[in-house]
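In: okay, here's the prediction I keep looking at, along with the sequence it came from:
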Amino acid sequence: MTAPEARAADAGAGACPVCGTPVYEGYAYCEKCGHTLGSPTCTSCGAAAVDAEGYCERCGLRQPTGRDHAEIVLEGGAAAVTDRGLRRSRNEDAVALLAAGRSTVAVVCDGVGSSPRADEASAVAVEAASAALIRGLSHEEAFELAGRAVTKLATSVHDAPASTYVAAVVRDGRISLAWAGDTRAYWLPAGLPDGGLLTVDDAIETGEITAWLGADAGDVRPHVRVFEPQGPGLLLVCSDGLWRYLDGHPLPAPGDPQALARELLRHALDSGGQDNITIALIPLGELP
Amino acid sequence: MSDQPTFTLTIDQNKYLPLDGREVHAILTVGATGGITTQAAGPAEAAEVIIVDTSGSMSGSKIREARQAAVTAVQTLRDGAYFAVIAGTDRATMVYPRGNPQLVKATPATKAEAHRAIDKLLAHGGTAIGEWLKLAGHLLTAHPSAIRHALLMTDGQNNERADVFGSVLAAWSGKFVVDCLGVGADWAPAELRRVAEAMLGTFDFVRDQGDLPEYFRRLTQTSMSKTVAELSLRVWVPQTARLKFVKQVSPVLLDLTGKRTDVNPLTGDYPTGSWGAEEREYHVCVEVPPGQIGQEIRAGWVKLVRPDTGDVLASGNVLAQWTDDLAQSTRINGKVAHYTGQAELHDLIQDGLSARAAGDVDTATARLAKAREIAVESGREDTARLLEKVVEVDPASGTARLRRNVDKADEIELDTGSVRTSRLRKEGS
């Protein structure tokens, strides 16, 4: 404890989180350094010193934004999490998870890192596609709308934001999927051995993707597939930030979707967290 | 406030650091536009002291040129500005106004009286620059809200004890701005450099004394164009970081690091003097604690402030973000590289000239040859030309050799001119 902090403790009041000068209950700002008291707390150093621009006025850290880590949980139990990971400066993945009537919709898009404004590309794609699907439009129509939204971001083919795409609609125990690129869907069965990868990547051996959304994508059409599981389980929709760390591991056993989403995120981060990580899980049937 | 310029602050840097990266460099460009003083706009009050060396060494044609220069300076004063003229020997004497040591308002009448007083100046006595600055300081202190400036010319070496001179500079540093001119080949650049650094001014070599009036006119005019009395750079760094240096790098090099006034434990003010419509650049270096990949911090928060009112005129962020992408972290910002090179050039010239004076031929040759190379590369043709007169490089073998007979004036010009920097050339070349 530094001297000023010690004095503040003696006075029975707080200390300015920036300069340590004693401050009293109800003060709006520190008399010594002018710091606004009652600011949000820094996620790194713990000082109540985050300013309007999002930087901590004590340690300088830029605070994580909404997209750096976000979680969604729906009433029926479906859950999603998206995270910046450990190596990227921002999260260029985006996820939408919606339910209406008997349908649940999940869309995961991964902004192509080599394209400009990839974070915007994925964001507009999931918004356009999920809104279309929840209204009951077909996969092809939703994909078309998402593609147009991403294309509109480009100022030319040389400045064309791009994104991968996977969309899932779960209705009455039936899963329909559409995708382009290397975002994936897996079936995690609770009992029957019908689990595994449901999608096929649009990618060459070295990993470069061959289909995406964007002004430079050409006339791309989505793969579409319908899957009817034989028993209960979880549909997993995810970006490559997760699935690259699933190789060599048994498929995760289904469980509470939110708890499992967090567990899978932890696994990806512990394995290196090289890329942005996005995971959506939708339960089907009665899980044990 | 309508006569006040508008300030902008832009920051050039590469924010990406490698994983073990600890130093963040940024160039701050501070621009003041508009609000250029016109008589009608009611400019800020100006207070000017003109200091003329009248020591014995000034006798003959030099004192005649000095008188003419002082008269030119007086005539360049804006009507309504406050001014005085001081004669400097081993003490400081009021030339105009006579009697009470105070400034008078410039009018056609007072300017004419000053002209007559200056014409009577004779050269005799010693040189005590500290005494001259003390009197100038006392005169200017009576005008606290004015833009306070002194113009000092000398042809000789200061004859005061170094510690006495040093304490005068320390006492008056930041209280007013002093621009210095050295005339002839007998003065010591190091002494005027100390004055210019302490008093946030410039110093220059007047190679041909016939040019003295023109130098006086130009400096007075620049001083009259200032419209904001005193601004500071207020720099915040994180609690766990250390501000390594704050330097003005353009138009001349001026290390401000030691001039810090603490605002709070994380923030310090660095004086920049008075401002007109102009652009200056500053190099800031912050040592940051180790970070994690992807993490971004504000490594410096820079504000241009009026210290008297606390008004913030412009501000910007110096950022740092750690990455393992070498393509990002190894890219060097062009401006940072340019001014790092200009500062290195200055240091090489200073080291080289000192080594040469001390008879250390090897060091002098190495430093000056390297300086010549940087001067050529960075487009400093004048400096390269002067270095060429001091050191010769065999184009075939690359071997460098100090030249024997170097004109003293060339050496002084090289020495004094090394603080000037070139601007970064635009794309291309």
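Out: Received, thanks. Residues are numbered from 1 along each chain as shown, chains lettered A, B, ... in the order given.
In: list the beta-bridge partners for the closest residue in space to residue A:76 that isn't next to it in sequence.
Out: Spatial nearest neighbour of residue A:76, chain neighbours left out: residue A:99 (5.9 Å); criterion: Cβ to Cβ, 6 or more residues apart in numbering or on different chains. All C-beta atoms are positioned from the backbone trio N, CA, C, and that covers glycine. On the basis of DSSP bridges, residue A:99 is bridged to residue A:104.
In: same deal with residue B:273?
Out: If you apply DSSP bridges, the partners that residue B:273 bridges to are residue B:231.
In: in three-state terms, label residue A:258 for me.
Out: Per DSSP: H, G, I helix; E, B strand; the rest coil, the local secondary structure of residue A:258 is helix.
In: quick one: pLDDT of the residue nearest the centre of chain A?
Out: The centroid of chain A falls nearest to residue A:82 when counting by Cα atoms, centre = their mean (2.1 Å). For residue A:82, the model assigns a pLDDT of 96.
In: gap between it and residue B:372?
Out: 57 Å (Cβ to Cβ, to the nearest Å).
In: and the helix or strand encompassing the residue nearest to the centre of chain A, anywhere near chain B?
Out: In this structure, residue A:82 sits in strand A:79-83 according to DSSP states H and E. No: Strand A:79-83 lies apart from chain B when judged by Cβ under 8 Å from any Cβ of the partner chain; the minimum separation is 11.0 Å.
In: and that strand, which strands flank it?
Out: strand A:69-73 (antiparallel), strand A:277-284 (antiparallel).
In: let me see the mean pLDDT of the helix or strand encompassing residue A:234.
Out: Residue A:234 belongs to strand A:233-238 when assigned by DSSP H and E. Averaged across strand A:233-238, pLDDT comes to 97.
In: dump the residue contacts of residue B:113.
Out: By Cβ atoms under 8 Å, 6 or more residues apart in numbering or on different chains, the contact set of residue B:113 is B:96, B:97.
In: follow-up on the earlier one: pull the residues that contact the very next helix or strand once past the strand holding residue A:234.
Out: Next in sequence after strand A:233-238, counting helices and strands by DSSP H and E, comes helix A:240-243. Defining contact as Cβ under 8 Å, 6+ apart, one finds that helix A:240-243 is touched by A:83, A:85, A:93, A:110, A:182-184, A:186, A:264-265, A:268, A:273-279.
In: show only the entries of those residues found in helices.
Out: A:264, A:265, A:268 (DSSP state H).
In: nearest to chain B among those residues?
Out: residue A:268 (14.2 Å; Cβ to the nearest Cβ).
In: how far away is that closest one from residue B:217?
Out: In terms of Cβ to Cβ, residue A:268 sits 71 Å off from residue B:217.
In: which of these two has more neighbours?
Out: Neighbours per residue (other Cβ atoms under 10 Å in any protein chain shown) separate residue A:268 from residue B:217, with residue A:268 holding more: 26 against 15.
In: rewinding a little: need the ones in helices among the contacts of helix A:240-243 in a markdown table with distance to residue A:174 and pLDDT, can you?
Out: Formatted as a markdown table, the ones in helices among the contacts of helix A:240-243 follow (distance: Cβ to Cβ, whole Å; pLDDT from 0 to 100):
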| residue | distance to residue A:174 | pLDDT |
| --- | --- | --- |
| A:264 | 24 | 96 |
| A:265 | 28 | 95 |
| A:268 | 29 | 95 |
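In: ok, and which of the residues you listed reach chain B?
Out: Okay, of the ones in helices among the contacts of helix A:240-243, nothing touches chain B (Cβ under 8 Å from any Cβ).
In: how about those residues in TSV, adding distance to residue A:30?
Out: Below are those laid out as TSV (distance: Cβ to Cβ, whole Å):
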residue	distance to residue A:30
A:264	44
A:265	38
A:268	41
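In: could you pull out the buried residues of stretch A:47-63?
Out: Using 16 or more other Cβ atoms under 10 Å in any protein chain shown as the test for burial, stretch A:47-63 gives A:47-50, A:55-63.
In: equivalent analysis for stretch A:155-166, please.
Out: A:160, A:161, A:162, A:163, A:164, A:165, A:166.
In: which residues touch the residue lying closest to the fifth one once chain neighbours are set aside?
Out: Think residue A:164. Counting by Cβ to Cβ, 6+ apart, residue A:181 is the residue found nearest to residue A:164 once chain neighbours are left out, at 2.8 Å. Counting by Cβ under 8 Å, 6+ apart, residue A:181 touches A:110, A:163, A:164, A:165, A:166, A:201, A:202, A:203, A:209, A:211, A:212.
In: would you agree the third one is in contact with residue A:113?
Out: The one in question is residue A:164. No: if you go by Cβ atoms under 8 Å, residue A:164 and residue A:113 don't touch, sitting 10.6 Å apart.
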